[in-house]
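> test case, fold it:
(2 chains)
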Amino acid sequence: MRSVLREARWMAITLLILALALTIGTLALKQSPVEVFRLIFSQVLFDDYGLGQTLYKATTLIFTGLACSLAFRCGLFNIGAEGQLYAGAFAMTLVGLQFPGLPSIILIPLMLMIAAAGGAAWAIVPAVLKAKRGAHEVITTMMMNFVAMALANYLISAHFHEPETIHTAELPAAAGLPSFETMFGLFQGSPVNVSLLLAFLIAAAVAYFLWRTPTGFEWRAVGVSPDAARTSGVNVPATTIKILLASGAISGLAGSNFVLGYKHYFEQGFASGAGFLGIAVALVAKNNPIGVIASSLLFAFMSQAGLTLNRTIPREMFDILQAAAILIVVIAQNRLGGELKK
Amino acid sequence: MTFLIQVLRISGPYGLAALAGTFSELGGVVNIALEGILLSGALGATLATHWTGNPWIGILAGIGAGMLLSCLHAWAALRHRVDQIVSSLACNFLAAGLCRFILKLVFHSTSNSSRVEGLPDWGGLDPFLVLFFVIVGLCQWIVYRTRFGLRLRAVGEHPQAAESLGISVLAMRFKGVLLSGALAGLGGAWLALEQHQFTDGMSGGRGYIALAAVILGRWTPLGAAGAALFFGLAESLQIILQAYGVRVPTQFVQMLPYLMTLAAVAGVAGKSRPPAADGIPYSSEQDR
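As a prediction, the model looks like this:
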């Protein structure tokens, strides 16, 4: 309970610093901070559509943030969520297009499994290279990102695109996850959908797995000290592979928000950096799966605020604030005694 | 011959970034921020050239911008002992956001700056290329023939031993990172001035590929430059293939440097050993 309070206090302090930075930035651009904050409250926080968009954006970030935090927690710097996300989403879409006749109850779980498998598959090369050759995962996962984007662009433009577009054909109606608008009439005009609940579920599952199961303990042990883990009988190379594959699988699911819940097709570049932002989300959450939900909301809120305010102040200001948030959190955390490794 | 020059021109920014990575890591500091440093160097050079009309001042500004960002990395990683990968990734996020922000404020565009002056030829020679060869030689000399180089390698291999000999580990590491910022900043300036403009995301992953060049070059300046040449060749392959009328989808040619990087770090070219204390934060005995 005390740790929760301490975290909440830190979050409040971070928010205050960000608000202060935004105020200074706004003044530097000769705009009125009062107007900026009024717009933030009236059009993002207390607006059906603005809030819905924030939740929609947060959904993808929760997946990628969880993927990153799981790997980071276990000592592996998987920065390949972007590529894994594309691999999963593409595989899911292809499979969905093959089975137009299946009912939702079979098709959607099938597609989700394929998405996870696709994301995991994209992590195989870095995982094996790390376990067998000691190749640093930061470089290999980043290279796999570039390969994934080039490959997806090729596959779409050469084989799977609909004429005059950069996306695939539309999936069968059975492959759709309902939005909150159609289900409850909430968040009108925004595509926020049931995959948000899936994201919550996975966050809870990751937290349970890491702290309540023996295997989760072994994984974290590998993160704290591979040598100590090896001495106590953990197969470190095999565990390394499993960690990276699990991380990739969660990234692979991230595409469900867009593919199943929103557009019902795969589009070139649809994630627009959500995989990279997942790294930032994980860092600000201090690699805590439940914290990832909070920090995803913060980052999604900042990008939505950026879009909403773009006419008043450039939305790039919020990109800078996001970077500032990472720096504040990681520096503060290390001053309080290196919690990252725990 | 023109093809060789072409390869060298493409390799140059990779080479400078790889030299940058080598200096940082020899001192024991991992620097993923190379990507962001390239980008800020490119923007710094473009802005200064745009305002003064003098590309040489642009180059200095590029170097300065690179050093500024590397200072932030050094401050977080050395002073506050933030994990070096985390701190340099944060620098990349910051650079990407800041560059887009400034691009919009100054050039009112989200994609590219207006056209700026490039460097004039030196009797048919690209001044950047001349500079590049001089710098590679200089770096090799600094690392292996000077007291500074020896000390830098000492704090990267065995900081405790270096400190017991009276070398300030953090100060040496700071210098290594700063030098790294200067070199990659110059690489960014090269990118921008060669294309006569700044475009958003123009570093295009070169900073990450340079990290692979550091490994492939086995943490020596000469090796890093050689590896960069190899990646430059991969990128130029697209031009050769087109010249010979081979029809390969462009996306596959684009993948080549990345696939080669994967092969390189997989140890296809033999195993290489990083400096022993690479990536490990250091605090001196008195601090603890």
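> and the residue of chain A nearest chain B?
A:Asp319 (3.0 Å; C-beta to the nearest C-beta). Every residue, glycine included, has its C-beta placed from N, CA and C.
> just the C-alphas of the helix or strand hosting that residue, formatted as CSV.
Using DSSP states H and E, A:Asp319 falls within helix A:316-335. Provided in CSV are the C-alpha atoms of helix A:316-335 (Å, rounded to 0.1, in the frame of the first residue of the first chain):
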residue,chain,number,x,y,z
GLU,A,316,5.7,18.2,-31.8
MET,A,317,5.9,19.9,-28.4
PHE,A,318,4.2,16.9,-27.0
ASP,A,319,6.8,14.6,-28.5
ILE,A,320,9.4,16.5,-26.6
LEU,A,321,7.3,16.3,-23.4
GLN,A,322,7.2,12.5,-23.9
ALA,A,323,10.9,12.3,-24.1
ALA,A,324,11.2,14.6,-21.0
ALA,A,325,8.8,12.3,-19.1
ILE,A,326,11.2,9.4,-19.8
LEU,A,327,14.2,11.3,-18.6
ILE,A,328,12.5,12.6,-15.5
VAL,A,329,11.4,9.1,-14.5
VAL,A,330,14.6,7.3,-15.2
ILE,A,331,16.8,9.9,-13.5
ALA,A,332,14.5,10.2,-10.4
GLN,A,333,14.4,6.4,-10.1
ASN,A,334,18.1,6.0,-10.2
ARG,A,335,18.6,8.7,-7.6
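> helices and strands around it, which ones?
With contacts taken as 3 or more C-beta pairs under 8 Å, 6 or more residues apart in numbering or on different chains; DSSP states H and E, helix A:316-335 sits against helix A:2-28, helix A:274-284, helix A:289-309, helix B:84-107.
> rewinding a little: surely the residue of chain A closest to chain B and A:Gly306 touch.
Yes: using C-beta atoms under 8 Å, A:Asp319 and A:Gly306 qualify as a contacting pair, with a distance of 7.3 Å.
> so for those two, which sits in the more crowded spot?
A:Asp319 (23 against 19; other C-beta atoms under 10 Å in any protein chain shown).
> now for the more buried one: which residues touch it?
By C-beta atoms under 8 Å, 6 or more residues apart in numbering or on different chains, the residues touching A:Asp319 are A:306, B:93, B:96-98, B:100-101.
> could you check the helix holding A:Asp319 and say which residues are buried?
A:316-331, A:333-334 (16 or more other C-beta atoms under 10 Å in any protein chain shown).
> need the helices and strands packed on helix A:316-335 in CSV with mean pLDDT and distance to B:Leu78, can you?
Putting the helices and strands packed on helix A:316-335 into CSV (pLDDT from 0 to 100; distance: least, C-beta to C-beta, whole Å) gives the following:
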stretch, mean pLDDT, distance to B:Leu78
helix A:2-28, 86, 22
helix A:274-284, 93, 19
helix A:289-309, 94, 26
helix B:84-107, 93, 9
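> quick one, which of those helices is nearest to B:Glu235?
helix B:84-107 (21.3 Å; C-beta to C-beta).
> and for A:Asp319 and A:Gly306, which residues touch both?
Shared contacts of A:Asp319 and A:Gly306 (C-beta under 8 Å, 6+ apart): none.
> A:Trp211 - how many residues pack around it?
Counted with other C-beta under 10 Å, the neighbours of A:Trp211 add up to 12.
> again with B:Gln160
The number of residues packed near B:Gln160 is 12, by other C-beta under 10 Å.
> now it. Its backbone dihedrals?
Backbone torsions of B:Gln160, given as degrees, to the nearest 10, read phi -60, psi -50.
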